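Q: What shape does this take:
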Amino acid sequence: MSPSLIPRPWPFQCVVSGIVMAAGYGLGTLLSYLWRRLPFPEPPSRVKMWAWRGLAVLGPLAVVASALIGVRWQRELRGMMDMPLPAAWGYLAAPVLGLGLAIFLLGAARGIRSLSRRVGAGLARWLPRPVATVLGAVLVTVLTVGILDGVVINALFSAADETFRLTDQAVAEDLAPPASALRSGSPSSLTQWDDLGSKGRVFVADGPALSELQAFTTALAREPIRVYAGLESAQDVRDRAQLVLDELIRTDAFDRSVLCVITATGTGWVDPLAADALEYLWAGDTALATLQHSYLPSWASFLVDSVRAREAGETLFNVIYEYWATQPEAERPLLLVFGESLGADGSEAAFSGVADLRNRTDGVLWVGPPNFSELWTFFTENRDLGSSELLPVFESGETVRFAAGPADLAGPQAGWASPRVLYLQHPSDPVVWWSPRLILRQPDWLRQSPGADVLDDVRWYPLVTFWQISADLAYAKEVPSGHGHNYAGLFADGWAAVAAPPGWSQDDTDRLHALLAAQADAALTE
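A: You can find the predicted model right below:
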């Protein structure tokens, strides 16, 4: 019931409580079994009797007390993030409902144990009993894991893939193919509107109009270029990347001031505010390019489909870079890179390290990277002595920097050479901090002072914290901007820090920040 990074809806609390109850019971059973098998003294019957009586009284009191304190923690966390306060009854019922899940998991575990004993008894006809018992347990465990991993999980995700493939064809009634030749899916495009997928169609049909760009800037605005290839646009990722390049060439994208290579998240989604921010920053003198690599939503791709994202990110960047590098250096656009969430991890795959980033890009913005992202892990683990894992400093911030809020980017950026690489990561973002290592290992970010939007009461507990952060993943983006996995309020500051045009000022950043905030608010009310 203790707090984690973001407010936990009561159904997720039930799941966490149930899993941890079952695991705690299993651990207690294991310790009891080992105690009886080792030469330790058995407690007297009287001691056992009083222990059970004490448990019968103190156990329910502890459960009720923890539930009440848990409600208080959830209310404090919601207040910190300016979210509506939750009803108390769901959290108070969580231990009871969690107990039902724990009983189900315990029954499944006992069924597996019973099967392993039967198999061991059968093997004992030909093998010594200790060997048969161990071998039976191993065989049943391997069989169970194999069925779950190779059959059940694969079947579930295959069904999910097919379901989301059908969903990917849905089109909003008010969404029409773009008429501009500067957009994929238009009559002039090499890609068909129907092949772009639902997220791709939104990407090419969306964005600020030329009049809106001109109203924001004092420079002469241009209509932005957006190109996209869906899963149905070509057979494999290499062909889709080549199709994106062909679209860039068709639209004269290499004559623009900025070309941004984007690795999309799960279903091919690109955060509209991230795209809009760059176009406003450069008065539309931009070209944005990306492709779809999966039908699955980000949470499913995050678990099982990260390989596709890395393949897409690496292939798309390399195909575009190879052509970009052949253009006259004085005339070619700035080559920027963007990725958010799983897209950040996929985008990283195109680069081997800092030197590669310096040599082949003009700026990088990576937002909310998953904890397993290789470059992010390297930069974090090799951070300068004395800097925190929540906000690392790598090589004195010469190329790579980290920010959690606008304050980390405001003012002069002395010593930050070009090209600049920037990671945006909130202290309360479970996508950034979730890792299987949480099961048995306390991470540095939980040893250090908590972030500005993390309660002081957050602690690490073996196994428990892992399931708490796992539950946080499902709700990571359903929190206000500036918390969790919602970075809507940081795109203006992030792009301005990485690739501001000549003459851009902090006042311009503030104006863009206000404009994007108004767009985000309008989207919420629709």
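
Q: Just want the phi and psi numbers for E340.
A: In terms of degrees, to the nearest 10, the main-chain angles of E340 are phi -120, psi 140.

Q: ok, for it, nearest residue in space, not its chain neighbours?
A: Spatial nearest neighbour of E340, chain neighbours left out: V367 (4.2 Å); criterion: C-beta to C-beta, 6 or more residues apart in numbering. C-betas here are computed from N, CA, C, even on glycine.

Q: The one you found and F379, how far apart?
A: Per C-beta to C-beta, to the nearest Å, V367 is found 15 Å from F379.

Q: One more: F394?
A: With the distance defined as C-beta to C-beta, F394 ends up 5 Å from F379.

Q: overlap in contacts of these two?
A: Common contact partners of F394 and F379 (C-beta atoms under 8 Å, 6 or more residues apart in numbering): V400.

Q: So for L105, what's the pLDDT?
A: Looking at L105, its pLDDT reads 89.

Q: burial measure for it, as a count.
A: Each residue near L105 was counted by other C-beta atoms under 10 Å, and the total is 17.

Q: Do I have it right that it meets V20?
A: No - L105 is not in contact with V20 according to C-beta atoms under 8 Å; the separation is 10.5 Å.

Q: quick one: low-confidence ranges for the stretch 351-500 of the chain?
A: Across the stretch 351-500 of the chain, residues meeting the criterion (pLDDT under 70) sit at 411.

Q: Do a quick rundown of the helices in the stretch 151-300 of the chain.
A: Assigned by DSSP state H, counting those that start in this stretch, the helices in the stretch 151-300 of the chain fall at 153-167, 197-205, 210-216, 237-250, 272-281, 298-304.

Q: Let's see the fifth one as PDB, backbone CA atoms only.
A: Which is helix 272-281. Extracted in PDB, the C-alpha atoms of helix 272-281 (Å, rounded to 0.1, in the frame of the first residue of the first chain):
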ATOM      1  CA  PRO A 272       1.500  16.200 -32.000                       C
ATOM      2  CA  LEU A 273       2.900  18.800 -29.600                       C
ATOM      3  CA  ALA A 274       6.500  17.600 -30.200                       C
ATOM      4  CA  ALA A 275       6.000  18.000 -34.000                       C
ATOM      5  CA  ASP A 276       4.200  21.300 -33.800                       C
ATOM      6  CA  ALA A 277       6.800  22.700 -31.400                       C
ATOM      7  CA  LEU A 278       9.600  22.200 -34.000                       C
ATOM      8  CA  GLU A 279       7.600  23.600 -36.800                       C
ATOM      9  CA  TYR A 280       6.700  26.800 -34.800                       C
ATOM     10  CA  LEU A 281      10.300  27.100 -33.800                       C
END
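
Q: which other residues reach that helix?
A: Residues contacting helix 272-281 (C-beta under 8 Å, 6+ apart): 202-203, 206-208, 213, 216-217, 224, 226, 258, 260, 262, 286, 288, 336, 338, 340, 365, 367, 487-488, 491-492, 494-496, 499-501, 504, 512, 515-516, 519-520, 523.

Q: So among these, which ones count as buried?
A: Neighbour counting by 16 or more other C-beta atoms under 10 Å classes 202-203, 207-208, 213, 216-217, 224, 226, 258, 260, 262, 286, 288, 336, 338, 340, 365, 367, 487-488, 491-492, 494-496, 499-501, 512, 515-516, 519-520 among those as buried.

Q: is it true that L336 lies in a strand?
A: Yes - counting by DSSP: H, G, I helix; E, B strand; the rest coil, L336 is located in a strand.

Q: which residues sit in contact with it?
A: V258, L259, C260, V261, L278, T361, D362, G363, V364, L365, V498, A499.

Q: Distance check, the nearest residue to the third one once chain neighbours are set aside against G313.
A: Same thing as C260. Using C-beta to C-beta, 6+ apart and skipping the chain neighbours, the partner closest in space to C260 is L336 (4.3 Å). Relative to G313, L336 is positioned 14 Å away (criterion: C-beta to C-beta).

Q: Same check on F491?
A: 19 Å.

Q: you'd agree F40 is in a strand?
A: No - per three-state DSSP, F40 lies outside any strand segment and is coil.

Q: What is the neighbour count of it?
A: 9.

Q: With L27 as the reference, measure out to it.
A: In this view, F40 and L27 are 17 Å apart by C-beta to C-beta.

Q: just L291 next, same as before
A: Taken as C-beta to C-beta, the span from L291 to L27 is 46 Å.

Q: try L182
A: In terms of C-beta to C-beta, L182 sits 61 Å off from L27.

Q: quick one: L409 and A403 touch, right?
A: Yes - applying C-beta under 8 Å as the test, L409 and A403 come out as touching, 5.2 Å apart.

Q: what do the two both touch?
A: Contact criterion C-beta under 8 Å, 6+ apart; residues bridging L409 and A403 by contacting each: L422, D493, G494, A497.

Q: Farthest pair within those residues?
A: Largest separation among the shared contacts of L409 and A403 by C-beta to C-beta: L422 and D493, giving 9.4 Å.

Q: what's the overlap in contacts for those two?
A: Taking C-beta under 8 Å, 6+ apart as the criterion, L422 and D493 both touch A403, L409.

Q: CA atoms only for stretch 71-89 - export them in PDB, please.
A: Backbone C-alpha positions of stretch 71-89 (Å, rounded to 0.1, in the frame of the first residue of the first chain) are rendered in PDB as follows:
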ATOM      1  CA  VAL A  71      -5.300   6.300   1.200                       C
ATOM      2  CA  ARG A  72      -3.500   9.200   2.800                       C
ATOM      3  CA  TRP A  73      -0.500   8.600   0.600                       C
ATOM      4  CA  GLN A  74      -2.500   8.500  -2.500                       C
ATOM      5  CA  ARG A  75      -4.300  11.700  -1.600                       C
ATOM      6  CA  GLU A  76      -1.000  13.400  -0.900                       C
ATOM      7  CA  LEU A  77       0.400  12.300  -4.300                       C
ATOM      8  CA  ARG A  78      -2.700  13.400  -6.200                       C
ATOM      9  CA  GLY A  79      -2.500  16.800  -4.400                       C
ATOM     10  CA  MET A  80       1.100  17.200  -5.400                       C
ATOM     11  CA  MET A  81       0.100  16.600  -9.100                       C
ATOM     12  CA  ASP A  82      -3.000  18.700  -9.000                       C
ATOM     13  CA  MET A  83      -5.300  15.700  -9.600                       C
ATOM     14  CA  PRO A  84      -8.800  15.000  -8.200                       C
ATOM     15  CA  LEU A  85      -8.800  13.300  -4.900                       C
ATOM     16  CA  PRO A  86      -9.800   9.600  -5.000                       C
ATOM     17  CA  ALA A  87     -12.600   7.900  -3.100                       C
ATOM     18  CA  ALA A  88     -11.300   6.000  -0.100                       C
ATOM     19  CA  TRP A  89     -13.500   2.900  -0.400                       C
END
